[in-house]
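Student: I would like the atomic coordinates for the input below:
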Amino acid sequence: MKKIIVAIDGYAGTGKSTQAKSLAKYFGCVHVDSGAMYRAVTYFGQQQTTDGSIDIKLLIDSLPQISIDFELTKNGQQTFLNDENITDLIRQSKVNDKVSDVASIHEIRSFLVDIQKEMGSSKGVIMDGRDIGTIVFPEADYKFFLTASPKIRAQRRYEEQQKKGIIETLEEVLANITARDHQDSTRIVTPLKKAKDAIEIDVSYMSIDDVFNVMIENIVES
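Tutor: Predicted coordinates for the structure are as follows:
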């Protein structure tokens with residue numbers, strides 16, 4: 001099969017990264033988790049101050065110092081920030097609480113979108129996020145948009161975090177997801193929205209395998 005670009009957008013907690021990883025393995029493509037990139041920048045910003053707050057001007061001025069890489073290991077794909085493995089660190093609640101704020105900053109989005117476009121310049125990329133099909137790869141070969149009810153997404157995210165030892169109540173997870181939905185959908189800079197030619201999939205009552213099969217069918221049969 002020819003090298004393809006697949007854009008997977010959607011709300012937080014819909015399993016975008018899980019599906020992207022599976023599709024990348026199936027087609028022998030590279031998987032780029034754009035959400036992890038924004039989390040990495042958020043984590044970097046928090047490390048710049050003694051109290052974990054983010055100095056926006058300092059962070060923007062420091063963007064040239066940031067290098068983000070993905071590496072496939074026996075433990076799955078890992079995210080590296082300036083050669084430090086931050087895969088688990090960027091899933092902590094303190095990063096969850098600030099990533100949408102950081103992602104709304106024009107200079108940061110421009111910085112990461114340029115990197116993402118470069119990653120897909122030779123095709124053979126499965127990328128997930130919130131503006132992949134609309135901004136990063138509007139010319140993507142295939143576009144999907146995943147959605148589900150906030151309560152179902154919160155429950156899934158809560159269970160995932162429990163397995164990783166991240167302590168947060170279900171109510172806190174739901175509040176975070178609801179806040180992120182609002183921030184992502186209403187921000188001025190590249191808000192979350194479905195591309196006109198994207199295939200929307202409501203994953204609320206679908207298994208991971210069911211969602212994967214729907215995507216495969218749409219790609220292979222097109």
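
Student: Only C-alpha atoms from now on, for both contacts and neighbour counts.
Tutor: Noted.

Student: Output the contacting helices and strands for the helix or strand harbouring Lys117.
Tutor: Using DSSP states H and E, Lys117 sits within helix 106-119. Judged by 3 or more Cα pairs under 8 Å, 6 or more residues apart in numbering; DSSP states H and E, helix 106-119 is in contact with helix 34-47.

Student: got the buried residues for the helix it packs on?
Tutor: For helix 34-47, the buried set under the neighbour-count rule, 16 or more other Cα atoms under 10 Å, comprises 34-46.

Student: Kindly report the same for stretch 162-177.
Tutor: Buried, per 16+ other Cα under 10 Å, within stretch 162-177: Leu170, Val173, Leu174, Ala175, Asn176, Ile177.

Student: How many neighbouring residues does the closest residue to the third one other than its chain neighbours have?
Tutor: By the measure of Cα to Cα, 6 or more residues apart in numbering, the closest residue to Leu174 outside its immediate chain neighbours is Ala154, 4.9 Å from it. When neighbours are counted by other Cα atoms under 10 Å, Ala154 registers 24.

Student: Ala154 reaches Val173, doesn't it?
Tutor: Yes: between Ala154 and Val173 there is a contact under Cα atoms under 8 Å: 5.7 Å.

Student: low pLDDT regions in this structure?
Tutor: Residue ranges of the chain with pLDDT under 70: 1, 222.

Student: who touches the helix or strand following the helix holding Lys117?
Tutor: Sequence order places strand 125-129 as the next helix or strand after helix 106-119, per DSSP H and E. Strand 125-129 is contacted from outside by 3-10, 16-17, 20-21, 23-24, 29-35, 119, using Cα atoms under 8 Å, 6 or more residues apart in numbering.

Student: Going by neighbour count, which residues in the strand or helix carrying Arg153 are buried?
Tutor: Counting by DSSP H and E, the element that carries Arg153 is helix 150-163. Applying a neighbour-count criterion of 16+ other Cα under 10 Å, the buried positions in helix 150-163 are Pro150, Lys151, Ile152, Arg153, Ala154, Gln155, Arg156, Arg157, Tyr158, Gln161.

Student: Which residue comes closest to the residue nearest the centre of the chain once chain neighbours are left out?
Tutor: By Cα atoms, centre = their mean, the chain has its centre lying nearest to Gly35, at 2.6 Å. Distances taken as Cα to Cα, 6+ apart place Gly129 nearest to Gly35, at 5.6 Å, with adjacent residues excluded.
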